[in-house]
Structures are given as C-alpha cells and as structure tokens.
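Student: whatever this is, show me its structure:
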Amino acid sequence: MKYTLGLILFSCFLGCIRPKAPYASLAPGIWRGVLHLNTEPKLPLKDEIERYEKDGTRPIYEIENDLPFMFEVKYEQETPYIEIINGTERIKVDEVYVGRNRSTADDTVYINFSVYDSHIRAILREGILQGEWVVRNKPNYRIPFSAHFGQKDRFQLLPTPQTNDLSGIWDCTFDLNLETPFKAIAEWSQDGNHLTGTFRTETGDYRYLDGTVSGDKFFLSCFDGSHAFLFFGKQSGDTLLGTFKSGIHYTSVWKAFKNPDATLAAATSLTKSTGTPVNFAFLDQNAKTKTITDYHSKIKVLQIMGTWCPNCYDETRFLKTYLAAHPALDVQVIGLACERYNDTAQSLQAIANYRTKMNLPYDVLLAATTTKTAETSKHLPFIDNVISYPTMVILDKNNRVHTIHTGFDGPATSKYKEFEIEFDRVIQNLLKQ
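Tutor: Down below sits the predicted model:
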C-alpha cells in the first residue's frame, strides 16, 4: 500500500486545517473530557460557552450518561501531546494536531489513537472542546465528546462523606438483565472519597478504573482510546447494586458482596486442545503468506488477539518486554489477529499500524476478518473454541499444544505478577525438554 491509514487521515485533516502556533489555543495542563453516552443532541457550542461563562465551572452533567476521563496536555518543543489518566496509569498519545478550519475559521483538534484505530475530532473555543470520538473499525460508531480546561475532578459531585469503605475483594455477577450472567471479581482501593481498582473476569480485566464514593453511592470510569467504561451503583447493606455501561450499545446490571476468597475458573482450564495438529497459512503484515513451518523448531507462543483489544495490548506489552529481557531464549511469538474489518486490506493495514506503533519484534498474522468467536474458531481448529481475546497457546518445539491460557490479568490486577512468574516457569520447563 502506498500510504498508511495514519498518513491518509493526517493528509485529510490538513486538507481543511491550517496549522497554528503552539499554545495559541490548546492550553497545557489538566483537562476533563466527557463521552456523552446519551447521544441525543446537546447544546450548540455557542450556547455551551455562554452557559459556561455564566455558571463558571459547572458543566451540563448527566451522571448516569456522561463518562468522564482526565487528560493532560503537554508539549515537546512546539509539538503537543496528551496523557490520558486512569488511576495510576498514564497513556501517552503523541498524534495530536491543532489547526484552523479554513471554511469555518474554527480551531480544530484531532487526537488519533492509532493503536486502536480510533480518534477524537473537536472544535476548540474558549477552553472548551466539543466534537466526537470515532471508532473506525466499527461501522458508524461515534460518541459525542466534550472537554473543559482546568477542571480537575473526574466526577463532579457535591462532597458527601462516604458511609462505608469499599476497599477489598467483591464477588460479582454481571449481566443480571441478560440471558447469561457471568462472574467477576472487583479489586478496589478507597482513600477518602477516591476509589480505584478494576474488575477481573474469566476473559480479561477492565483495566484501570478511577472514581469517587459519595455517601452510599460510587462512580468509576475508564477511557483509553478503545475502552469506554462507566460504572455506578449503590451499597445496600452488605451488597452492591450497580450498572455498567460500555460505550453506547451495552448496559449490564450487576451485584456484588464482599468475599476475600472469591475465585474465578483457572485461565488454563477454559479452552482445550482438540488434538488436531497445529497448522496455519495466514497473511503477515506485508500480505505474505506464512505457515507454521516458517518459524522453525522453536518453542512458540501463539497470541490470538485483535489490534482493537486493550487486554491484548497489555498482553502484547508483556510479551515484548519478556522477549527483550530474555534475548537468548529459543522462543518465537506469533500474533494471530482477528480483526473487526471484514476487508483484508483494511485489516492488514490495522496490523501494520499496530506493529509499527508498538515496535513489535514479532510477526502478527491475519487469522480472521471477524471477531465473532464461532467464526474465528473455524480458522483455528487446533483449539476447541475461542472464547476470549486474548488467548495464548504455548507450543513445544514439536508444535504440540502444551498450555492454553484464556484471557489476561493485566497490570491493573493483583494477579499480574503471578502470571509473569507462571509464564516464565512454563517457558523454562519447555526449554529443558
């Protein structure tokens, strides 16, 4: 392909935008962003500015439909970038472009999350951004977005003393409003009114959540360019009752009770080998067909993943770090990507962008142009079913399945260190055989 998707998007952006001097409009410092999950039309930006000037820092706020997140604008010399803040995590996004729209004379900001194939585009006036977040690999998926400069509270609530401490382990059941509920574990830490933590499930975790406790109510959110999570609920006696919104299409009702002994099924027990010899013929990021024989007689880690998947991103960072720390090991990682685009060329472009942005030392092959598990399983007949992205299949030197690890407990969870130790133990034992 002559041009990468990122360059095409940037070229389109510059086609109607005239670059501006640094600091002219996108001020460095803390901003409070909001994804408006209720997609009904909001006030025009002019009216929002008038309301903002009249009421000070009080925003138009629908606490059960507005998903807040914090970010900081910084500059390297004259080039802006942002850091998204979720709990203790800061995610650097360096594709931030500021310019003037020639046709409307509006200042425009474009923030590209190239790893996840999404972006924010917004008009900037008087310390307010107003636009939308667009996920390019989901048809017609866009959520209204706004941001205010200088606001430092994620959830803007009246200060109310908390009635209980939510710190600890909670045994959860999600999707009580749907046909098939599933188990989860909340791992939370509370400091005054500030609440952080995550949820672990058998297919992955909900990464770094950040929020507030107010009286007997609690609120948590996360945005990272792919995940858009909003949790809110109430404590009633020994039980938590809550709602979880993921973007604009998914709502889950859940409940929980405190249980320090809560457990989930073992990650190595959920997906099984079918006994079928491991073989494949998939395109790599350069549209060249690769088979398992191209990777010689090494121990292999097959990473069933998607470039759109934040849990896969966490696992990818782990694998990259592990390989860098053990350069002499006879181990080959091969990514097997299941992409949202049903077009091969678009899927390969997403894979190429992902590898470049993450500077990966291993191939990522296109295993499927769908994320429907029933369909992707057909492309991978050596395992019984793909139930989670990521799923890791570890092969011995004879390409026999040794271990299948479903899901991923990332660095936001208490189980991440255990996974690091267990993964190294499996690899070292295979090397001795």
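Student: break down the protein into its helices, ranges please.
Tutor: Secondary structure of the chain by DSSP state H: the helices cover 5-15, 45-55, 310-325, 344-358, 373-379, 416-432.
Student: flag the shaky bits of the stretch 51-200 of the chain, pLDDT-wise.
Tutor: 51-62 (pLDDT under 70).
Student: give me that answer again for 90
Tutor: 51-64, 77-78, 99-106, 125-126, 139, 156-164 (pLDDT under 90).
Student: for Lys300, find the nearest of the helices of the chain.
Tutor: helix 416-432 (9.9 Å; Cβ to Cβ). C-betas here are computed from N, CA, C, even on glycine.
Student: give me the residues contacting the closest one.
Tutor: Helix 416-432 is contacted from outside by 299, 318, 322, 329-331, 394, 396-397, 402-403, 408-410, using Cβ atoms under 8 Å, 6 or more residues apart in numbering.
Student: any chance of the helices of the chain in CSV, with distance to Asp171 too?
Tutor: Below are the helices of the chain laid out as CSV (distance: least, Cβ to Cβ, whole Å):
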stretch, distance to Asp171
helix 5-15, 43
helix 45-55, 42
helix 310-325, 21
helix 344-358, 35
helix 373-379, 26
helix 416-432, 19
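Student: for the ones you listed, which one sits closest to Ala287?
Tutor: helix 344-358 (5.8 Å).
Student: tell me what that closest one is packed against?
Tutor: If you count contacts as 3 or more Cβ pairs under 8 Å, 6 or more residues apart in numbering; DSSP states H and E, helix 344-358 packs onto helix 5-15, helix 310-325, strand 331-338, strand 364-368.
Student: need the per-residue pLDDT for the spatially most central residue of the chain.
Tutor: Among the residues of the chain, Pro310 comes closest to the average C-alpha position under Cα atoms, centre = their mean, at 3.4 Å. Here, the pLDDT recorded for Pro310 equals 94.
Student: want to throw the contacts of helix 416-432 into TSV with pLDDT?
Tutor: Formatted as TSV, the contacts of helix 416-432 follow (pLDDT from 0 to 100):
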residue	pLDDT
Ile299	95
Phe318	98
Tyr322	97
Leu329	92
Asp330	92
Val331	95
Ile394	98
Asp396	95
Lys397	92
His402	97
Thr403	97
Phe408	97
Asp409	97
Gly410	97
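Student: buried sites along stretch 355-363?
Tutor: Buried residues in stretch 355-363, counted by 16 or more other Cβ atoms under 10 Å: Arg355, Lys357, Leu360, Tyr362, Asp363.
Student: show me where pLDDT drops low in the stretch 301-433 of the chain?
Tutor: Ranges of the stretch 301-433 of the chain meeting pLDDT under 90: 373-375, 433.
Student: what about 70?
Tutor: Short version for the stretch 301-433 of the chain, where the test is pLDDT under 70: none.
Student: what's the burial count for Ala352?
Tutor: For Ala352, the count of nearby residues is 20 (other Cβ atoms under 10 Å).
Student: how about the nearest residue to it once chain neighbours are set aside, what does it touch?
Tutor: With Cβ to Cβ, 6 or more residues apart in numbering as the criterion, Ala352 has its nearest non-adjacent residue at 4.5 Å, and that residue is Gln285. Contacts here follow Cβ under 8 Å, 6+ apart; on that basis Gln285 touches Leu348, Ile351, Ala352, Arg355, Asp363, Val364.
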